[in-house]
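Asker: the amino acid sequence is not available; the structure is as follows:
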């Protein structure tokens, strides 16, 4: 049975409604955006091995939409080759 996410006070946390943005609306230092973009290129720049069974990969991805493009750094346990 799935449980509802709770906050520190034990009450059920309300879900945020995602607001989809365009690349030209991004500001330096902002976070928690929902974007729909196309991946133009992806390159793994570093691979770390904290756990040999699950290597952590750092990839730089050039992504964009019709308003512009950004270089996105992805730090993840799972990065698929494009």
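Answerer: Received it, and whenever you're ready, just let me know what you need. Because the structure is a prediction, the values reported are computed rather than measured.

Asker: where do the strands of this structure begin and end?
Answerer: 20-21, 34-35, 38-51, 54-65, 68-76 (DSSP state E).

Asker: so for residue 11, which of those sits nearest?
Answerer: strand 34-35 (24.8 Å; Cβ to Cβ). Bear in mind the C-beta positions are built from the backbone N, C-alpha and C, glycine included.

Asker: quick one: list the elements packing against that closest one.
Answerer: strand 20-21 (3 or more Cβ pairs under 8 Å, 6 or more residues apart in numbering; DSSP states H and E).

Asker: again, 10 Å this time
Answerer: The elements that strand 34-35 packs onto, with contact taken as 3 or more Cβ pairs under 10 Å, 6 or more residues apart in numbering; DSSP states H and E, are strand 20-21, strand 54-65.

Asker: quick one: the last one to chain centroid distance?
Answerer: Strand 54-65 has its C-alpha centroid displaced from the chain centroid by 9 Å (Cα atoms, centre = their mean, to the nearest Å).

Asker: bridging residues for residue 38?
Answerer: residue 64 (DSSP bridges).

Asker: tally of neighbours for the residue nearest to residue 67 when sequence neighbours are not counted?
Answerer: Of all residues not flanking residue 67 in the chain, residue 24 sits nearest, at 3.9 Å (Cβ to Cβ, 6 or more residues apart in numbering). The local packing of residue 24 (other Cβ atoms under 10 Å) involves 10 other residues.
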